[in-house]
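# Whatever this is, show me its structure:
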Amino acid sequence: MALAQGEVTHGVGAAATRDTSTRIVHVAALVALLVVALAIPFVASSYRLLQFTMVVIYSIALLGLNILTGFNGQISLGHGAFYAIGAYTTAILLERTGIPYWGAIPISGAVCLVAGFLFGLPALRLEGHYLALSTFALAVATPQLLKFRALESWTGGVQGTYVSPLSAPFGLPLAGDQWLYLVALMFAIALFVLARNLLRGNTGTAIIAIRDHPVAAASMGINISLYKSLTFGVSAMYTGIAGALGALVAQFVSPDSFSIFLSLGFLVGSVIGGVASISGAVFGAFFIQFVPNFADQISKAATWAVYGAFLIGFMYLMPTGVAGAVARLLKRMRLVHRA
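Here you go, the predicted model:
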């Protein structure tokens, strides 16, 4: 009897040790990743730094889409519209009000939060491909609305409007593109931590329950209409903040910059990275930023054919996305280590 109790105690202790080791590895990996991310603006060329800045920005937008589609089950083909709203809100605020960029970015997110919540209310009656088509209509209509003459004094119409470049504050010895990368990285870190805490709490449990078992969720007292609308709003807020940062990078916004291909690119990046994953947003951002460039370098005459081949290859080799493939690889490594 004492021997059995000793074996149980030993097993529990070994499991606790493995859990502690796993946490240490995760923390070490996150610290290493953060160190690499902070080093990029000081070692990369201007062009590469621009690309990595867009990776950070796209990861924020894809995280918002993952929260909506991957964790809540609402399919969106129109998040490029919220990206455009965030970009134009920032451009208008900087031009018309004199609000500093660090104040314009969260305001743009708040505007998109409200817009997403309001759009989510009538969309409650729609599910699956019907919801996808309604968001597709939003993405198609947004560039045309931005060209509307009644809004031309605000949006600049077809010509668009310019955004003032950033400079490092307090006399810091940083170039404008270096400082902008760090600003985008700071927002990304804050938003990823927020998403992680949100999805691991009671709210996240309710959001996922609505995706998996809506009838059971309703029987448990979860207000499905409220949670769906709020999830749509939070998702739009993330994408709007990404759009605000994107406007600061491009220093220019115009309706043609936010075509339906932007929304489709977001959906592709979300699926490739891992639609129901927080880390998948980062992998998807790398895909939509770098793979088109690789395809263009391989063949300028058939760029989209090469891009399609990459897309098929990723889906065939990693049907659950890059994040899912990485998770399976790490699980196998842990099993081998324990053996």
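# mind listing the strands for the stretch 101-250 of the chain?
161-162 (DSSP state E, counting those that start in this stretch).
# how about the helices in it?
For the stretch 101-250 of the chain, applying DSSP state H, counting those that start in this stretch gives helices covering 101-120, 129-146, 152-155, 176-200, 202-212, 214-219, 224-250.
# I312: which of those is closest?
I312 sits nearest to helix 129-146 of all these, at 21.1 Å, using CB to CB. Placement of C-beta: from N, CA and C, glycine included.
# Just list what the closest one packs against, helices and strands only.
helix 79-96, helix 260-273 (3 or more CB pairs under 8 Å, 6 or more residues apart in numbering; DSSP states H and E).
# Give the buried residues for it.
Applying a neighbour-count criterion of 16 or more other CB atoms under 10 Å, the buried positions in helix 129-146 are 131-132, 134-136, 138-140, 142-143, 146.
# Skipping adjacent residues, who's closest to I85 in space?
Spatial nearest neighbour of I85, excluding adjacent residues (CB to CB, 6 or more residues apart in numbering): C112 at 5.4 Å.
# which residues sit in contact with the one you found?
Residues in contact with C112 (CB atoms under 8 Å, 6 or more residues apart in numbering) are 82, 85-86, 89, 236-237, 239-241, 243.
# rerun that using 7 Å as the cut-off
Contact analysis of C112 by CB atoms under 7 Å, 6 or more residues apart in numbering lists 82, 85-86, 236-237, 239-240.
# Most neighbours of all the residues you listed, which one?
F82 (39 neighbours; other CB atoms under 10 Å).
# Report the contact partners of that residue.
Contacts for F82 (CB under 7 Å, 6+ apart) come out as 112, 115-116, 236, 239-240, 243.
# let's see it at 10 Å
F82 is in contact with 61, 64-65, 76, 108-109, 111-113, 115-116, 119, 135, 138-139, 142, 232-233, 235-243, 258, 263, 266, counting by CB atoms under 10 Å, 6 or more residues apart in numbering.
# What residues of stretch 295-302 count as buried?
Buried residues in stretch 295-302, counted by 16+ other CB under 10 Å: A295.
# how about low-confidence regions in this protein?
Within the chain, the ranges that satisfy pLDDT under 70 run 1-23, 25, 337-339.
# From what I see, A281 and L68 are in contact.
No: between A281 and L68 there is no contact under CB atoms under 10 Å: 11.9 Å.
# Between those two, which contacts overlap?
238, 270, 275.
# Please name the nearest non-neighbouring residue to E95.
T161 (6.6 Å).
# Next, count neighbours for the one you found.
Count around T161 with other CB under 10 Å applied: 17.
# can you check A285 too?
Neighbours around A285, by other CB under 10 Å: 28.
# so it sits right up against L65, yeah?
No: with contacts counted by CB under 10 Å, A285 stays clear of L65, the gap being 11.0 Å.
# overlap in contacts of the two?
With CB under 10 Å, 6+ apart, A285 and L65 have common neighbours 242, 266, 269-270, 273.
# is it fair to say S76 lies in a helix?
No: assigned with DSSP: H, G, I helix; E, B strand; the rest coil, S76 falls outside any helix and is coil.
# Now do the same contact list for it.
64-65, 68-69, 82, 116, 119, 123, 131-132, 134-136, 138-139, 232, 235-236, 239, 263, 266-267, 270.
# Show the backbone phi and psi for it.
When read as degrees, to the nearest 10, the backbone of S76 gives phi -130, psi 130.
# Out of the helices and strands packed on helix 129-146, which one sits most buried?
Neighbour counts (mean count of other CB atoms under 10 Å) averaged over each of the helices and strands packed on helix 129-146 peak at helix 79-96, with a mean of 26.
# what's the angle between that one and helix 224-250?
60 degrees (axes from the mean of the first three to the mean of the last three CA atoms, to 10 degrees).
# the inter-axis angle of helix 79-96 versus helix 129-146?
Per the same axes, to 10 degrees, the angle that helix 79-96 makes with helix 129-146 is 30 degrees.
# Could I have the CA atoms of helix 79-96 written out in PDB?
In PDB, the C-alpha atoms belonging to helix 79-96 read as follows (Å, rounded to 0.1, in the frame of the first residue of the first chain):
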ATOM      1  CA  HIS A  79     -12.800  42.800 -43.000                       C
ATOM      2  CA  GLY A  80     -11.000  44.900 -45.500                       C
ATOM      3  CA  ALA A  81     -13.900  47.400 -45.000                       C
ATOM      4  CA  PHE A  82     -13.000  47.800 -41.300                       C
ATOM      5  CA  TYR A  83      -9.300  48.100 -42.200                       C
ATOM      6  CA  ALA A  84     -10.300  51.000 -44.500                       C
ATOM      7  CA  ILE A  85     -12.500  52.600 -41.900                       C
ATOM      8  CA  GLY A  86      -9.600  52.600 -39.400                       C
ATOM      9  CA  ALA A  87      -7.200  54.000 -42.000                       C
ATOM     10  CA  TYR A  88      -9.500  56.800 -43.100                       C
ATOM     11  CA  THR A  89     -10.500  57.700 -39.500                       C
ATOM     12  CA  THR A  90      -6.900  58.100 -38.600                       C
ATOM     13  CA  ALA A  91      -6.200  60.200 -41.700                       C
ATOM     14  CA  ILE A  92      -9.100  62.500 -41.000                       C
ATOM     15  CA  LEU A  93      -8.300  62.900 -37.300                       C
ATOM     16  CA  LEU A  94      -4.700  63.700 -38.000                       C
ATOM     17  CA  GLU A  95      -5.600  66.200 -40.800                       C
ATOM     18  CA  ARG A  96      -8.700  67.900 -39.300                       C
END
